[in-house]
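Chemist: 3D model of this:
(one chain, ligands or ions: 1)
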Amino acid sequence: MKKSVRKAVIAGNWKMNNTPAQTTELINAMKPLVAQADCDVVLCVPFIDIPAAVEAAKGSNIKIGAENVHFKASGAYTGEVSAEMLKAAGVEYVVIGHSERRTYFGETDQTVNLRSLAALNAGLKAIICVGETLEQRELGYTETLLKFQTKMALTNVKEEQLDNVIIAYEPVWAIGTGVTATADQADEGNGFVRAAIAEAYGAEAAEKVTVQYGGSMNDGNADELLSKVNVDGGLIGGASLKADKFAAIVKAASK
Ligand code: PGA
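Modeler: You can find the predicted model right below:
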């Protein structure tokens with residue numbers, strides 16, 4: 001099974017940007033620009049922007065995602081939001097294990113796994129992020145690390161739940177730095193992720209899973225990155241904050 005049977009998914013990750021009013025404005029600007037997309041179009045937004053995003057995206061092909069989810073259903077977890085809450089708010093996707101969460105907020109492979117299970121068990125689509133630091137790459141651990149992070153994130157995930165799993169390979173050194181992985185590095189990293197899924201679930205199951213690349217993907221490099229056999233879409237930070245840039249990436253994925 002080849003790339004053509006996997007669904008390309010272009011997902012914006014707004015991080016800590018945009019107020020509710022700015023959310024409405026930006027989504028209204030994006031809607032006509034991505035209406036012809038031949039890929040899935042997702043915007044992952046801050047919790048506080050979710051109602052405005054869901055409202056603005058209504059009737060369009062833009063799906064709304066969150067940037068994190070807690071693993072418990074409810075309880076004394078100040079500042080956290082559950083999968084059911086996200087579902088009830090109209091959210092369909094959620095980013096889990098972003099390197100910024102791992103670096104600044106103490107996420108571990110274990111919490112990434114728990115959050116992934118909570119999201120999947122609630123019927124959300126999980127965009128699970130994995131990626132090596134520059135130091136790990138230079139030490140030659142990229143393959144080992146990507147496989148380990150992928151398998152850890154998917155521990156106890158049932159094969160039938162893989163339909164709702166997207167893995168985003170995001171080399172930490174390429175996130176928000178303007179330094180993009182070469183298309184070959186992206187393809188290789190995504191290939192390691194797919195190989196890990198194959199080791200856990202078999203090659204046939206692995207061929208169906210969407211594996212995105214993320215890390216300074218923009219309107220100038222999207223074409224080349226997305227042309228690679230293992231690159232099934234992108235997780236886009238900075239370039240998802242501008243309607244025309246994001247739309248250009250969606251267009252590149254729709255070819
Ligand atoms: P960037 O962010 O596109 O700004 O590098 C990507 C990400 O963090 O998902």
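
Chemist: who does the closest residue to the ligand within the stretch 1-150 of the chain bridge with?
Modeler: With C-beta to the nearest ligand atom, the shortest gap between the stretch 1-150 of the chain and the ligand falls at residue 13, namely 4.3 Å. Every residue, glycine included, has its C-beta placed from N, CA and C. Residues in a beta bridge with residue 13, per DSSP bridges, are residue 44.

Chemist: burial count for it?
Modeler: Counted with other C-beta atoms under 10 Å, the neighbours of residue 13 add up to 27.

Chemist: ok, it - contacts?
Modeler: Residues counted as contacts of residue 13 (C-beta atoms under 8 Å, 6 or more residues apart in numbering) are 44, 67, 95, 98, 214, 235, 236, 237, 240.

Chemist: of these, which belong to strands?
Modeler: Per DSSP state E, strands hold the following members of the contacts of residue 13: 44, 95, 214, 235, 236.

Chemist: can I get stretch 83-98 in PDB? Just the C-alpha atoms.
Modeler: What follows is stretch 83-98, C-alpha atoms only, in PDB (Å, rounded to 0.1, in the frame of the first residue of the first chain):
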ATOM      1  CA  ALA A  83     -11.100  14.500  26.400                       C
ATOM      2  CA  GLU A  84     -14.900  14.500  27.100                       C
ATOM      3  CA  MET A  85     -14.800  18.300  27.600                       C
ATOM      4  CA  LEU A  86     -13.000  18.700  24.300                       C
ATOM      5  CA  LYS A  87     -15.500  16.400  22.500                       C
ATOM      6  CA  ALA A  88     -18.400  18.400  24.000                       C
ATOM      7  CA  ALA A  89     -16.900  21.600  22.700                       C
ATOM      8  CA  GLY A  90     -16.800  20.300  19.100                       C
ATOM      9  CA  VAL A  91     -13.100  19.300  19.000                       C
ATOM     10  CA  GLU A  92     -12.100  16.400  16.700                       C
ATOM     11  CA  TYR A  93      -8.300  16.400  17.000                       C
ATOM     12  CA  VAL A  94      -5.700  16.900  19.700                       C
ATOM     13  CA  VAL A  95      -1.900  17.400  19.600                       C
ATOM     14  CA  ILE A  96      -0.200  15.200  22.200                       C
ATOM     15  CA  GLY A  97       3.400  15.200  23.300                       C
ATOM     16  CA  HIS A  98       4.600  18.200  21.500                       C
END
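
Chemist: list the buried ones in that stretch?
Modeler: Using 16 or more other C-beta atoms under 10 Å as the test for burial, stretch 83-98 gives 83, 85, 86, 87, 91, 92, 93, 94, 95, 96, 97, 98.

Chemist: mind listing the strands for the stretch 101-250 of the chain?
Modeler: Under the criterion DSSP state E, counting those that start in this stretch, the stretch 101-250 of the chain contains strands at 125-130, 165-169, 210-214, 233-236.

Chemist: how close does residue 253 sit to residue 219?
Modeler: Residue 253 is 12 Å from residue 219, where distance means C-beta to C-beta, to the nearest Å.

Chemist: those two - which one has more neighbours?
Modeler: Shown here are residue 253 and residue 219; by other C-beta under 10 Å, residue 253 has more neighbours (23 against 18).

Chemist: let me see the contact set for the closest residue in space to residue 246 that isn't next to it in sequence.
Modeler: Nearest residue to residue 246 in three dimensions, chain neighbours excluded: residue 240, at 4.8 Å (C-beta to C-beta, 6 or more residues apart in numbering). By C-beta under 8 Å, 6+ apart, the contact set of residue 240 is 11, 12, 13, 14, 43, 246.
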